[in-house]
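In: Got a sequence here, can you model it:
(chains A and B)
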Amino acid sequence: MDANSSWAPGQPAGAFTATGRGPRLFSGGGGTQAKVVSTVSTIVVLGALAAVFLLAPGARAVEHEFFSPPHLWHSFIGNPGQGYYSVGAAIWLNIRMFLVAEVLILALALFVALIRQSAAPMLFPIRILATIYVDFFRGVPLILVIFAFGFGVPALRLPFVSTQPDVVYGVAALVLSYSAYVSEVYRAGLNSVHFSQVSAARSLGLSHATSLRYVVLPQAVRNIIPPLLNDFISLQKDTALVGTLGVIEANKAAGIYSETVFNFSSFTVAAILFLILTIPLARFTDRLIERDRRRRLALGAP
Amino acid sequence: MTDAIRIDDLHKSFGSNEVLRGIDLSVGSHEVICLIGASGSGKSTLLRCINLLEPINKGRIILFGEDITGPRIDANLVRRQIGIVFQSFNLFPHMNVLRNVTLAPTKVLKTPAAKAQREARALLDRFGLSDKADDYPDRLSGGQQQRVAIVRALAMRPQIMLLDEVTSALDPELVAEVLDVIAELAAGGMTMLIATHEMGFARDIANRVCFLEEGRIIEDAPPAELFTNPKDDRTRRFLRRIVEAKRL
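Out: Down below sits the predicted model:
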């Protein structure tokens, strides 16, 4: 980029960077030379990792157990006649769980955050409950919450509540656990909006709710999109834990395959599928962070 | 004639710190009153109390004959009557200028969007901001932002404007454009209560100037009298410091 060679207007280009390799403030820039260096170093690092794997004493055994092409294929497409399910089909359940849970988490977490941020004396008891809720579900491991819901609620033998499919209990556990985290993210976002914005909105005659809706929340949400997406990347993977209830999602389907056929390649398939799900979201998050950084830098300039 | 605002024995404390210690003040319709005094003398707090942004501890604020400090008062209705502009502009950064101005009319007064936009554009035009309607606040200079903040308050058609040191955060060369806007409002008959450090401006525009110190109004007089022949020693000392700082 030109920015590296002529970063200070009015100063002869290269005056302080005679070699053209002066210190860079940010990665990502660089000319041809930088590209060559990064390509070579990538090849060296990946080559070293591959060598460690391929030259290990158990390399052949691991390759057969985890990367056997026929097993990769069979576990991916599945064969109920042989007693195992398609991992490729099961991932759709993870996706559906993720999408439903995400929407519910966004709503519940916002509700909890708004209660915890409220100041009205009348809401004091609800505020206490919200705090206990957040403390509890952030403190208890997710897998225990899933067990508690998946095995505990049906055991209550209540009408309707206790007769749902296991996947519902799994999603409920995900929602309750993640909402506790995400409500704290929301709270950080709400606190990041300066109180003078509220003064300005209220002074125009906007009610508390209208100020929140049009002035505070849009700014708060904008500030927390990266951490929010980070939590959702984590949520995508954690849908695999619902498999512990016997729900045939990707990880469970892979487990059934390995128990039936005695080969672990099915887990490799599951891992690849989860990567395919999470990596785009991760890159998208990076892009948003980068865009935000650029915007701030642009604002700092005159 | 009823006063636009009448304040009786207003007290306000933040914790143990009493910021307003018995303010009595009346503002007639179409009157422009400047509040002067050192930082911390209570000017800003007084304005925030009048707009009900701060709960008061004692006293009464009467707006057009109605006590607005009573228990059954809807603060949102009161604030429709009173526009306030802050030192730090406080424009909504996620909305463009037009939306900043139309938000309150459309959401509070339920003005139809098209009509609100028409009125907003007319106001922006009147204050030389017509080409900024689609810009976001961070693209504007401080002076432009503050003029937008004034337009935003005016869009609610308030009876009274409170201006809280609106030029204090501006670069010196941008002060005049904002003061011109205020002068135009005064000429149009707007009732205004202005906290300011611009003594020359206060002298030119105000019907009366109030000098505040330690939460009390020490002196309340027409500018010609207060600036040239102050009655109170404290006013005199304050003005002498201002003159020494070459601000008058």
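In: use CA for all of it now, contacts and neighbours both
Out: Will do.
In: In contact with the residue in the stretch 101-250 of chain A that chain B sits nearest to: list those residues for me.
Out: Minimum separation of the stretch 101-250 of chain A from chain B (C-alpha to the nearest C-alpha) falls at residue A:205, amounting to 4.6 Å. By C-alpha atoms under 8 Å, 6 or more residues apart in numbering or on different chains, residue A:205 lies in contact with B:75-80, B:104, B:108.
In: which ones are touching the residue nearest to it when sequence neighbours are not counted?
Out: Residue nearest to residue A:205 in three dimensions, not counting chain neighbours: residue B:76, with 4.6 Å by C-alpha to C-alpha, 6 or more residues apart in numbering or on different chains. Taking C-alpha under 8 Å, 6+ apart, we find residue B:76 in contact with A:202-203, A:205-207.
In: element containing residue B:76?
Out: For residue B:76, the enclosing helix or strand under DSSP states H and E is helix B:75-81.
In: Buried residues in that helix, which are they?
Out: Neighbour-count burial for helix B:75-81 flags B:75-76, B:78-81 (criterion: 16 or more other C-alpha atoms under 10 Å in any protein chain shown).
In: Mean confidence (pLDDT) on it, please.
Out: What helix B:75-81 shows for mean pLDDT is 92.
In: export it as CSV, just CAs?
Out: The C-alpha trace of helix B:75-81 is given here as CSV (Å, rounded to 0.1, in the frame of the first residue of the first chain):
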residue,chain,number,x,y,z
ALA,B,75,-42.2,15.2,32.9
ASN,B,76,-42.5,14.3,29.2
LEU,B,77,-45.3,16.9,28.7
VAL,B,78,-43.3,19.6,30.5
ARG,B,79,-40.2,18.9,28.4
ARG,B,80,-42.2,19.4,25.2
GLN,B,81,-42.6,23.1,26.3
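In: and residue B:223, how far is that from chain A?
Out: The gap separating residue B:223 from chain A is 29 Å, by C-alpha to the nearest C-alpha, to the nearest Å.
In: I figured that residue was touching residue B:199, is that so?
Out: No - using C-alpha atoms under 8 Å, residue B:223 is not in contact with residue B:199, being 9.5 Å away.
In: Same drill for these two, tell me which one is more crowded.
Out: Between residue B:223 and residue B:199, residue B:223 has the larger neighbour count (other C-alpha atoms under 10 Å in any protein chain shown), namely 23 against 20.
In: all helices of chain A, in order?
Out: Using DSSP state H, the helices of chain A run over residues A:2-5, A:32-55, A:59-67, A:69-77, A:87-117, A:124-139, A:142-147, A:153-155, A:166-192, A:195-203, A:208-211, A:217-238, A:250-261, A:265-300.
In: what's residue 216 in contact with, if anything?
Out: Just going to use chain A. Residue A:216 is in contact with A:190, A:193, A:197-198, counting by C-alpha under 8 Å, 6+ apart.
In: nope, chain B please
Out: Taking C-alpha under 8 Å, 6+ apart, we find residue B:216 in contact with B:20-23, B:41-42.
In: From residue B:242, how far out is it?
Out: For residue B:216, the distance to residue B:242 equals 19 Å [C-alpha to C-alpha, to the nearest Å].
In: How about residue 239, nearest residue that isn't a chain neighbour?
Out: As the question left the chain open, I've gone with chain A. Counting by C-alpha to C-alpha, 6+ apart, residue A:94 is the residue found nearest to residue A:239 once chain neighbours are left out, at 5.7 Å.
In: try again with chain B
Out: Among residues not flanking residue B:239 along the chain, residue B:227 sits closest, at 7.5 Å (C-alpha to C-alpha, 6+ apart).
In: any idea which helix or strand carries the one you found?
Out: For residue B:227, the host element (DSSP H and E) is helix B:223-228.
In: in that helix, what's buried?
Out: B:223, B:226-227.
In: just to revisit the earlier point, could you identify the most distant pair in the contacts of residue B:76?
Out: The span of the contacts of residue B:76, defined through C-alpha to C-alpha, is set by A:203 and A:207 at 9.4 Å.
In: spatially speaking, which residue is in the middle of chain B?
Out: Centroid check for chain B by C-alpha atoms, centre = their mean gives residue B:163 as the closest residue, at 1.7 Å.
In: Retrieve the pLDDT associated with it.
Out: On the pLDDT scale, residue B:163 is placed at 96.
In: wait, it sits on residue B:197?
Out: No - the criterion here is C-alpha under 8 Å, and residue B:163 misses it with residue B:197 at 11.7 Å.
In: For the residue nearest to the centre of chain B, I want the exact helix or strand it lies within.
Out: Taking DSSP H and E as the criterion, residue B:163 maps to strand B:160-164.
In: Give the other helices and strands that that strand contacts.
Out: Where contact means 3 or more C-alpha pairs under 8 Å, 6 or more residues apart in numbering or on different chains; DSSP states H and E, strand B:160-164 is packed against helix B:43-50, strand B:82-85, strand B:191-195.
In: Ok, which of the ones you listed comes nearest chain A?
Out: Closest among the helices and strands packed on strand B:160-164, once you apply C-alpha to the nearest C-alpha, is strand B:82-85, at 6.6 Å.
In: In chain B, which residue sits nearest chain A?
Out: Distances between chain B and chain A by C-alpha to the nearest C-alpha are smallest at residue B:76, namely 4.6 Å.
In: For that residue, give its distance to residue A:211.
Out: As defined by C-alpha to C-alpha, residue B:76 lies at a distance of 11 Å from residue A:211.
In: Same check on residue A:257?
Out: For residue A:257, the distance to residue A:211 (C-alpha to C-alpha) stands at 54 Å.
In: Which one of those two is surrounded by more residues?
Out: Per other C-alpha under 10 Å, whichever of residue A:257 and residue A:211 has more neighbours is residue A:257, with 28 against 21.
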